[in-house]
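Undergrad: Fold the stuff below for me.
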Amino acid sequence: MRWNRNNFSDNINNTSGFGIRPFFRFYPYNGDNFKLFFSSGAGLIYFADNFPKPSGFFGDMRKGTRFNGCPKYGIGAEFKIYNSFMLAVGIWHVHFSNGNYYGSERNPGHDSNGFSIGLTYFPSNIR
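TA: All right, here's what the predicted structure looks like:
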């Protein structure tokens, strides 16, 4: 289970969201100093403003909602950098949509690709 925070800022959208996403990870390679993984999960997110806002692209004026579902999947790696610390990097695809809860006129959806970088600490060298 992971808490997540997303920020969007472009010519049309400027909002942040906070949510929760259960996920699973599959490690095809799981060494002491390097780990390769595939990860996938789906959860819920609440934005400060309706997301996404209408783009007007090809006449699309549908409005998003504050409450959305958020599936995410990707590939990543973990590298041992010092005793109990691992550096994690990944590339991801994430989708936001209200699942047509308010009707198709309120369900534009949004897809993004991105990357992450993080540091993991394992107390007492437990991994």
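Undergrad: which stretches of this structure form strands?
TA: With DSSP state E, the ranges of strands along the chain come out as 2-9, 14-21, 23-30, 34-41, 44-51, 65-69, 72-82, 85-96, 110-121.
Undergrad: Buried deepest among the ones you listed, which one?
TA: strand 65-69 (a mean of 19; mean count of other CB atoms under 10 Å). Just so you know, the C-beta spots here come from the backbone N, C-alpha and C atoms, and that holds for glycine as well.
Undergrad: What helices and strands are in contact with that one?
TA: strand 44-51 (3 or more CB pairs under 8 Å, 6 or more residues apart in numbering; DSSP states H and E).
Undergrad: Give me the contact list for the strand it packs on.
TA: 4, 6, 8, 13-21, 63-70, 96, 110 (CB atoms under 8 Å, 6 or more residues apart in numbering).
Undergrad: try it again with 6 Å
TA: Under the criterion CB atoms under 6 Å, 6 or more residues apart in numbering, residues 15-17, 19, 63-68, 70 lie in contact with strand 44-51.
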